[in-house]
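S.K.: Here is my input, please return the structure:
(chains A and B)
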2 protein chains.
Amino acid sequence: MKHLMTILLAMMASATMAQTLTSPDGMLKAEFSLDAQGRPTYNLSFKGKTVVADSHLGLLLKGDNADMADFCTGFKVAGVDHAAFDETWKPVWGEESEIRNHYNEMTVRLDQPRNERSLVVRFRLFNDGLGFRYEFPESKNLVYFVIAEEQSEFRMTADHTAWWIAGDYDTQEYEWQTSRLSEIRGRMEKAIAPNSSQTPAGPTTVQTALQLRTDDGLYINLHEASCINYSTMHLTYNDNPSDKDGYRKFVSHLTPDAQGNKGHIQTPSVSPWRTIIVGESGKDILASRMTLNLNEPCKLEDTSWIRPTKYVGVWWEMISGKSSWAYTDDVFSVQLGKTDYQKVKPNGRHGANTDHVKRYIDFAAEHGFDAVLVEGWNVGWEDWFGNQKDYVFDFVTPYPDFDLKAITDYARQKGVEMIMHHETSSSTINYERHLEDAYRFMNKWGYKSVKSGYVGNIVPYGEHHYSQPLNNHYLYCIQKAAEHKIMVNAHEATRPTGICRTYPNWIGNESARGTEYESFGGNPVNHTTVLPFTRMIGGPMDYTPGIFEMDCSRANPSNDSRVRSTLARQLGLYLVLYSPLQMAADMIENYEPHMDAFQFIKDVPVDWQQSVYLEAEPGEYVTIARKDKHSENWFVGSSVGEEGHLSVIGLDFLTPGQKYEATIYADGKDASWDKNPQSYAITRKKVTSRSTLKIQSASGGGFAISLKAINN
Amino acid sequence: MKHLMTILLAMMASATMAQTLTSPDGMLKAEFSLDAQGRPTYNLSFKGKTVVADSHLGLLLKGDNADMADFCTGFKVAGVDHAAFDETWKPVWGEESEIRNHYNEMTVRLDQPRNERSLVVRFRLFNDGLGFRYEFPESKNLVYFVIAEEQSEFRMTADHTAWWIAGDYDTQEYEWQTSRLSEIRGRMEKAIAPNSSQTPAGPTTVQTALQLRTDDGLYINLHEASCINYSTMHLTYNDNPSDKDGYRKFVSHLTPDAQGNKGHIQTPSVSPWRTIIVGESGKDILASRMTLNLNEPCKLEDTSWIRPTKYVGVWWEMISGKSSWAYTDDVFSVQLGKTDYQKVKPNGRHGANTDHVKRYIDFAAEHGFDAVLVEGWNVGWEDWFGNQKDYVFDFVTPYPDFDLKAITDYARQKGVEMIMHHETSSSTINYERHLEDAYRFMNKWGYKSVKSGYVGNIVPYGEHHYSQPLNNHYLYCIQKAAEHKIMVNAHEATRPTGICRTYPNWIGNESARGTEYESFGGNPVNHTTVLPFTRMIGGPMDYTPGIFEMDCSRANPSNDSRVRSTLARQLGLYLVLYSPLQMAADMIENYEPHMDAFQFIKDVPVDWQQSVYLEAEPGEYVTIARKDKHSENWFVGSSVGEEGHLSVIGLDFLTPGQKYEATIYADGKDASWDKNPQSYAITRKKVTSRSTLKIQSASGGGFAISLKAINN
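M.R.: Alright, predicted model coming up:
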């Protein structure tokens, strides 16, 4: 009996003995321990303040045997390894030309003796936050398993303010909610607006990246990095004070597949990284490179063909309802190969017609854009949505009025690229069947990038946009595209987790309410001040800014939507919403009356040497300065919320001693998003690193500045 | 009021007025009418005897609106068209070189005024049975719909004897049950043996082709033809006498997809044909060509590359456990591309090694076989089953000991083709991703046919082997294969419905318990006397006959299974189980002691000019004579059940005046499947069309005869 007691005491000692990890700068501290049930437990503090209180880790597996299904308790620490890493790497494109990846690492090897299997939890603590992931080593007792649910917890210390959208297995196209954590449940119903494909995940389940702010001024961001061969994670908040162990915890909530399973794993394997970015200001969150750093280095040997791209396109006119994707109104049911488009009556509103496309090619060439996107060029748009149609598009057959050869020749002659469009209608079975031919078709006709779309419910039936099979699909397309030297900009796919580091031909994603919603009733006025803290933590967004005509009825009298932004803010978005792929989304006729303002869109680069986050408060304002990757010029952009904002900007990021000509595109004095959105003022002045600019932005406003280095 | 009564009476009159269709020979009669609820109703009689009593037709659709979901009642006859058809066509391969397609047709156009939509039921009445299908014309109110269940009924007139297997969404690899209809429920549990993937469909649900025999000697066979873009049908028997309308009816039971839906239809579209073959003897059932006739004519322009094939292979040795598909025993988890096969220890039992394969090539060349199948040639077999593994095989990477180039060169030099093997492990997502490369690989290396396998549960998760998406997958592979001039022999796919007429590169299917089960405990002794009436109504089966060594422990001491057949019957199976692809499935060393009997396998063709069904009783005996497509020679084969059988065969099918040398391979006097299976006697005699042969077959026995035309 005495012997047994000794063992028990030793076990308890080891169970309660915490392992500690500190960030390189010593400000962040993470602790790992096992609780009395042998349950992995961690916490995170910043400068002594708790960020995440004691929270459990583990997974529930599928299976009839309850012992085997429990991958949460009964662990023993088999070993702990510490390591440090510091490396600077160069992204193919990005907010900076060099990124420092600097962390201390603690790898906790856990044995679950009851089931003779092991689990590894790897922690990486950066100066800007913590990442941890599960690693599943191969062993006789752990080869294949199915995840019932991941049980990663994040216990909050108080009723923080949160910027969140409703958890959903199929869409992120919801309005960002700002509320206390305790208010999530009450706000959920309102947070779920209708969408083309949606599967709400639960009454207190929210999506990541989730931005939080504590009352004492700490900014916390929860997300994931490198979600590969795994389903996308949501977080379920426990708002039940009587649940002593669970209260105020977020618990991971994975996306199920068609059978309700949450992951098929073959060992050796790893989970995505669960990330907790921590900062003392909103700027710290935006400046974090943790998500990228937690992804694998670039796997493409040759990246010379990957190039940031600025483009215009035949798109907003369809979104606003002025023209149509469809070629005819006479056909309501299409069977590809059987429907004879030569015999139908054109509707006269088809956007993707040769003459119209040539006009956009002319415009792109004249104003220095790299490329032209054309949607609705291929047959099938009369009948593409809502029926989980299998063979919905073939991706290689143009409409009769889209003269592919003429357009290709014309664009080539004008030095403009064409951007391909592949709407899959979420029939990934069909898309994969046509993928190779579609990419070859692109190669043949010289298309270098594709915007792909995933509108509607997924086929294979019962799958979700965020489930493991779909995440595998998106990556499959990226990898196949890379073989063909094609860049991909996927819309309505799952939200990004920094995989663009590994596959930099993944140049864009939508994965949130983009500009299109400005034509569908409008985005919240502060929408673009929240996106950088949430959606864009995972990677760039093809938000398609640059709308100059805010009144959608001008294009389509039956569309009474208004773009909830001033014109000046539309310019600022090119900085606020980083993307290596930026569209000037409006129609040519809406730019022509404002070519002075349009000059900024012409000037602004899409690839950067350096980024400086000047001011950033989610929901209120975001102002970012970025230095052109290929010159000494700087650009500044700002977007502000409903209340407007006075920005006081010290230009100390500029090179000391260098003079710059600043061109400031600000809201007019009488500007506001709702009353006078097109009021703007353009001023020019010489500035240096010692200058300070004061710029007042209107409600729903913003500004843009170009800072051109002047030769002395 | 009077006016209304008149209308009602008129409606009732039209509702009860039957439309009649007779077969070209006048023996079969089908009637169509609407019942009082406007429900389509039909019956079928043969020489005045009811075959199918009044039975309803229609479908239940998915949807919240009960009226819209009801596609069964409230119909009015909008019109009835009659037509006749008589054409003789030539199959690329088959049991006959010419097939007569002769029927009378009645097309009933139905309106459902309540929902402003239409339904067409097309009946084709042949001399050998009835086919009917639904046609869904396109209309504003009927563009897309989802099937909740098809409601096609087949009301039986009495408690017939049935040969059936358990209804299952994933497998046909069950033993055939012989019972009264009323006994189905009681026998169901026993009928469902474990399988690698199975989803039993219900306590009285059986598969088609379902063979029935009435007590007054009518043979009825229920199946389907041309199951394209539709799920596979089962039949649920209503054995509840108190259900007045339902009793003794079979009702169609479609296979659900991952969401439980039974079909996604876009109009215009058609259902598969539901077939009722009727005959006065078992021979009539086997002689029916209705299933093929109800499929579309060949859609391939060039069929010159499609050739019936006789082959040997490295296969039975793995099935019996003598050698292995896997290359090593050291690896229990494979990740393709990561597992380094150059570094693992070979297990020494790998069948697909170069020297061994060359031995089979030598054997094939020496004995005139067209081709050699080799399974287990490609990496991944150490870990391929049971985990719904996604990336399970790549179909292009040989094991280190399979020298593809040496084997290809050797086979070419010997004039022998190699048959490719693609086990998909039912991960059709993975297979489709690799299909194009896999087929190109085959083209590159000169493989002209592929045996594909679908063992295990389907990925996409939740789908079934018989569901609409999978049926579409199989056909997709066939069509893609045709583009590459590749012939396909799909194992574990859904059961065939005659589509090989339309795509004759679909040269084989398994879709039932094949010879492999003789090594897994044995097939029932009468198994091969039932298959022609059931599984093979839909098309040829790659049964892989020709086993000479019935004691599996000779190959593998730990395998105590016995092949439940005599050796002579194994020869007979080349006639009894028609296939344009026939294997001599045993190992070379088992043929060598019996080269006199092996001569028959060498001689027997795999393509035919004419077939004559000499005697056929399901479960008892089947004896078939076939004339070589390319000579004047005839061949006869027989398989008999547990009781043995004396065949008295008049040779009046032979050309009058022509002399033939008959070589008869019969069971030895002391033969029986269980005691002395290898006892056989070979006798030769001269015969003419006026000769009669009497041949006694043993229990589980059979015989084969070659009849070589002799120049006078």
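
S.K.: what pairs with A:Glu150 across the strands?
M.R.: A:Leu59 (DSSP bridges).

S.K.: OK, contacts around it?
M.R.: Counting by C-beta atoms under 8 Å, 6 or more residues apart in numbering or on different chains, A:Glu150 touches A:59-60, A:134, A:233, A:252, A:254, A:262-263, A:271. No exception for glycine: its C-beta is placed from N, CA and C like everyone else's.

S.K.: cool, and A:Ala365?
M.R.: The contact partners of A:Ala365, by C-beta under 8 Å, 6+ apart, come to A:414-416.

S.K.: May I ask which helix or strand encompasses A:Ile507?
M.R.: strand A:506-509 (DSSP states H and E).

S.K.: which residue does chain A bring closest to chain B?
M.R.: Closest approach between chain A and chain B, counting by C-beta to the nearest C-beta: A:Pro460, at 3.5 Å.

S.K.: burial count for that residue?
M.R.: Neighbours of A:Pro460 under the rule other C-beta atoms under 10 Å in any protein chain shown: 29.

S.K.: Am I right that it is in contact with B:Ala258?
M.R.: Yes - the criterion here is C-beta atoms under 8 Å, and A:Pro460 meets it with B:Ala258 at 6.6 Å.

S.K.: Give me the common contacts of those two.
M.R.: A:258, B:460-461, B:463, B:469.

S.K.: What's the ChimeraX syntax to select whichever of these are buried?
M.R.: Those of the shared contacts of A:Pro460 and B:Ala258 that count as buried under 16 or more other C-beta atoms under 10 Å in any protein chain shown are selected in ChimeraX with:
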select /A:258 /B:460,461,463,469
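
S.K.: can I get the shared contacts of A:Pro460 and B:Ala258 in CSV with pLDDT?
M.R.: Output for these, formatted as CSV (pLDDT from 0 to 100):
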residue, pLDDT
A:Ala258, 98
B:Pro460, 97
B:Tyr461, 98
B:Glu463, 98
B:Pro469, 98
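
S.K.: and which of the shared contacts of A:Pro460 and B:Ala258 is nearest B:Tyr578?
M.R.: B:Pro469 (29.8 Å; C-beta to C-beta).

S.K.: tell me which residues in stretch A:250-265 are buried?
M.R.: Quick answer for stretch A:250-265 (16+ other C-beta under 10 Å): A:250-259, A:261-265.

S.K.: just stretch A:66-83 next, same as before
M.R.: A:68-77.

S.K.: can you redo those residues as a markdown table with pLDDT?
M.R.: Output for the buried residues of stretch A:66-83, formatted as a markdown table (pLDDT from 0 to 100):
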| residue | pLDDT |
| --- | --- |
| A:Met68 | 95 |
| A:Ala69 | 97 |
| A:Asp70 | 98 |
| A:Phe71 | 98 |
| A:Cys72 | 98 |
| A:Thr73 | 98 |
| A:Gly74 | 98 |
| A:Phe75 | 98 |
| A:Lys76 | 97 |
| A:Val77 | 97 |
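
S.K.: Among the residues you listed, which are located in strands?
M.R.: A:70-71, A:76-77 (DSSP state E).

S.K.: so what does the longest helix anywhere in chain A touch, helix or strand wise?
M.R.: When chain A is parsed with DSSP state H, its longest helix is helix A:428-445. Under the contact criterion of 3 or more C-beta pairs under 8 Å, 6 or more residues apart in numbering or on different chains; DSSP states H and E, helix A:428-445 touches strand A:417-423, helix A:468-483, helix B:428-445.
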